[in-house]
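A.B. asks: test case, fold it:
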Amino acid sequence: MLFQVTALYALPLAVLFLILWFRVTVARSKLKISIGDGGNVVLHEKVRQHGNFVEWVAIVLPLMVIAEGNDAAAIWLHTSGALLLVGRIVHPFGLKANNAAHPLRIVGNTASLLATLNVMVCLVFTIFGS
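C.D. replies: Predicted coordinates for the structure are as follows:
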C-alpha cells in the first residue's frame with residue numbers, strides 16, 4: 001500500500017526537522033555547549049523549538065499513516081497534514097522565553113492540536129465505521 005497523502009506532508013516536515021536541528025547544532029557550536037543549554041536563553045529556545053516539533057510530529061504522522069492505511073478519506077488526511085505543517089512552520093517563530101502568549105506559538109500549537117484531533121476522529125470512523 002502507498003501512503004501518498006501522508007508522504008506529501010512527511011517530506012516537508014522532514015526538511016523542517018533538519019532546519020530546526022541545524023539551528024540547534026550551529027548554536028551549540030558557536031556557544032561551545034555540547035549538552036543542555038548552559039543557561040543560554042537563545043539556545044534553550046532553539047532546543048525547545050526543535051523538541052516541540054518532534055513531540056507533535058512523532059504522534060500525528062504515525063496516526064496519519066494508520067488512518068491512510070485504513071482508507072480514511074483523503075480530505076481529512078490533507079486537513080491534518082496541512083494543519084500540522086502550518087502549525088509546525090509558524091510555531092518556532094512564536095516560542096519565545098519572554099512571551100508565553102506569543103500569537104504564533106498559540107497558532108502553531110492550536111493547529112497541531114486540531115491536526116491530532118482530526119486524525120483521531122478519522123481513526124474512530126475507519127475503525128468503527130461511519
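
A.B. asks: where does this protein dip in pLDDT?
C.D. replies: 130 (pLDDT under 70).

A.B. asks: check the offset of the helix or strand hosting Leu18 from the chain's centre.
C.D. replies: Using DSSP states H and E, Leu18 maps to helix 4-31. Computed by C-alpha atoms, centre = their mean, to the nearest Å, the separation of helix 4-31 from the middle of its chain amounts to 10 Å.

A.B. asks: could you do stretch 84-92 as well?
C.D. replies: 6 Å.

A.B. asks: and the next element down the chain from the helix holding Leu18?
C.D. replies: Following helix 4-31 in sequence, per DSSP H and E, is helix 41-69.

A.B. asks: the helix or strand just after that next one to helix 4-31, inter-axis angle?
C.D. replies: Sequence order places helix 74-94 as the next helix or strand after helix 41-69, per DSSP H and E. Interaxial angle, helix 74-94 versus helix 4-31 (axes from the mean of the first three to the mean of the last three C-alpha atoms, to 10 degrees): 10 degrees.

A.B. asks: okay, helix 74-94 in CSV with CA atoms only?
C.D. replies: Only the C-alpha atoms of helix 74-94 are listed here, as CSV (Å, rounded to 0.1, in the frame of the first residue of the first chain):
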residue,chain,number,x,y,z
ALA,A,74,-8.0,12.0,1.6
ILE,A,75,-9.6,15.3,2.5
TRP,A,76,-9.4,14.5,6.2
LEU,A,77,-5.8,13.4,5.9
HIS,A,78,-5.0,16.6,4.0
THR,A,79,-6.7,18.5,6.7
SER,A,80,-4.5,17.0,9.4
GLY,A,81,-1.4,17.2,7.3
ALA,A,82,-1.9,20.9,6.3
LEU,A,83,-2.7,21.9,9.9
LEU,A,84,0.4,20.1,11.2
LEU,A,85,2.7,21.5,8.6
VAL,A,86,1.4,25.1,9.0
GLY,A,87,1.4,24.8,12.8
ARG,A,88,5.0,23.5,12.8
ILE,A,89,6.2,26.2,10.4
VAL,A,90,4.8,29.1,12.5
HIS,A,91,5.4,27.7,16.0
PRO,A,92,9.2,28.3,16.2
PHE,A,93,8.7,32.0,15.5
GLY,A,94,6.4,32.3,18.5
